[in-house]
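Trainee: here is my input; please provide its structure:
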Amino acid sequence: MKSVTIIVKYSDLSRFSLAYVLSILENYSISRRFVKNIILARDVVNEVLKCDSDIIVVMYSLMTPQIFDVEIIEELKMLRDLRKTHDLVLIAGGPHASGDPVGTLLRLGFDIAVLREGEITIPRLLDALVSYEDLRDVPNIVYRDGEKIIKTLDYIPDKIYTSCPYVDRFRIYAPLEIMRGCKHACKYCQTPRIYMFKVRYRSLDEIYRWCRHYYKIGIKTIRYLAPNGFAYGSKDCKRPNIKALENMLKTSYEAVEGKSKLVLGTFPSEVRPDFINRDVLEVVSKYVDNKKISIGVQTGSNRLLNYIGRGHNIECVYEAVDLCLEYGYTPCLDFIFGLPGETEEDVEITSKVMLEFAKKGCIIRGHTFMPLPGTPFENEKPGKIHPKYLETLREIEKLKRLEGYWREQEELAEKIHKYIIESLSLRSSVTLECYR
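Mentor: Predicted coordinates for the structure are as follows:
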């Protein structure tokens, strides 16, 4: 059997997802003796040059902003050149590869794009590569086969197969993923589409085991990862499951013996406003230690909220904010500027709403709309910050209630838009052979 070295690209931006990928690879290597080494590297090219394995697998987890990183662009160019002298396989996963698999192969030069569910796909993919088997039997990938682009079966299991949020030997400890997927249809968001609108939750046993491990190794703060932090156990994703949420938090609390901080409802487990009610806050206030709750609002216009598919109105945001303030939490409200379909009236309404919330004591966190691949808004124009927003943001800044990177995102949105338009043109010229 040929020996294999797996090199995983380290990036601060994708460090949370890397913890789960490395956990999958660690478990894989235990049962596959041909895996010579797993390397986590900032300088991937240097590790490839030092490697003496028969097969070298290089893995990236990519978010769309990373594809404009000059260092990554140059590194990928060198790796493509190294394929001439090494048996080298380049694999990309993450939101960008899921949203634009054809561009990931033909523009970035990867051999394989992994679309979702690494616990299922990665072991089967690695087995197939080592045995030189047909990749058509590996689910959730798109790959190049000569001049062909082949897409395999989409497969989402009914549960999340075990993978830990940490790997001790690499000293990477990510927030605990308690929920995967989303049933809401926000048109700017990749998450529900990556997981085909299917939602699953981690078991209490897993959550207990992970919290216990973090506590024993001295981690003093337990953070959670979820697309909607207060939705744990919700059967329909439209209303909270109070009992399930309390059981999850109680399980975590007992695992850390009440001595570590529990942080839920802020990055990376922000919440929807329609999941904030008195019963939820009664539970949360018993267990969590954070004093801020991050709430996705996006716009103050009910017309625009409906158009972008949020599934809630601005009235429920007011109710959520008042409840958070009553329970002693500072609401951090996310707004997106330059959303597709935004009118002058929407800008006026949203500006008024933001200023009103800031005066109530909320933090306003600004973002600029960025079209992301694989979303209904992928070919929409990049967001522009209306002068009225700038005027309002200056007022909010005087109140010391302002956060966000909307200026940088406005510039980045232009780059993403140009890239996606070129990728859409490329996709239209390529025939995908799909296997079901």
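Trainee: going forward, measure contacts between C-alpha atoms and count neighbours the same way
Mentor: Fine.
Trainee: number of nearby residues for residue 358?
Mentor: Residue 358: 22 surrounding residues under other CA atoms under 10 Å.
Trainee: in this structure it contacts residue 403, no?
Mentor: No. Under the criterion of CA atoms under 8 Å, residue 358 makes no contact with residue 403, lying 11.3 Å away.
Trainee: for residue 364, see how far away the residue nearest to residue 389 when sequence neighbours are not counted is.
Mentor: Nearest residue to residue 389 in three dimensions, chain neighbours excluded: residue 351, at 6.1 Å (CA to CA, 6 or more residues apart in numbering). Applying CA to CA, to the nearest Å, the value for residue 351 to residue 364 is 11 Å.
Trainee: show the secondary-structure elements that the host helix or strand of residue 389 is packed against.
Mentor: Under the criterion of DSSP states H and E, residue 389 resides in helix 387-398. Using 3 or more CA pairs under 8 Å, 6 or more residues apart in numbering; DSSP states H and E, the elements in contact with helix 387-398 are helix 344-360.
Trainee: other SSEs contacting the helix it packs on?
Mentor: Of the remaining helices and strands, those touching helix 344-360 by 3+ CA pairs under 8 Å, 6+ apart are strand 363-368, helix 387-398.
Trainee: of the ones you listed, which approaches residue 69 most closely?
Mentor: strand 363-368 (19.3 Å; CA to CA).
Trainee: show me what that closest one pairs with in its sheet, parallel or antiparallel.
Mentor: In the sheet, strand 363-368 lines up against strand 330-337 (parallel), strand 402-404 (parallel) (DSSP bridges).
Trainee: what's the burial count for residue 373?
Mentor: With other CA under 10 Å as criterion, residue 373 counts 28.
Trainee: wait, I meant residue 46
Mentor: Neighbour tally, residue 46, other CA under 10 Å: 10.
Trainee: circling back to that earlier point, buried deepest among the helices and strands packed on helix 344-360, which one?
Mentor: Of the helices and strands packed on helix 344-360, the one with the most neighbours on average (mean count of other CA atoms under 10 Å) is strand 363-368, at a mean of 23.
Trainee: what mean pLDDT does that one get?
Mentor: For strand 363-368, mean pLDDT rounds to 98.
Trainee: and the angle for that strand with helix 344-360?
Mentor: If you take axes from the mean of the first three to the mean of the last three CA atoms, to 10 degrees, strand 363-368 sits at 150 degrees to helix 344-360.
Trainee: got the angle for strand 363-368 vs helix 387-398?
Mentor: 150 degrees.
Trainee: need the contact partners of strand 363-368.
Mentor: The contact list for strand 363-368, computed with CA atoms under 8 Å, 6 or more residues apart in numbering, reads 330-339, 354, 357-358, 383-385, 396, 401-407, 409-410, 413.
Trainee: now, of these, which are buried?
Mentor: 330-339, 354, 357-358, 383-385, 396, 401-403, 406, 409-410, 413 (16 or more other CA atoms under 10 Å).
Trainee: what about the residue nearest to residue 389, distance to residue 12?
Mentor: 33 Å.
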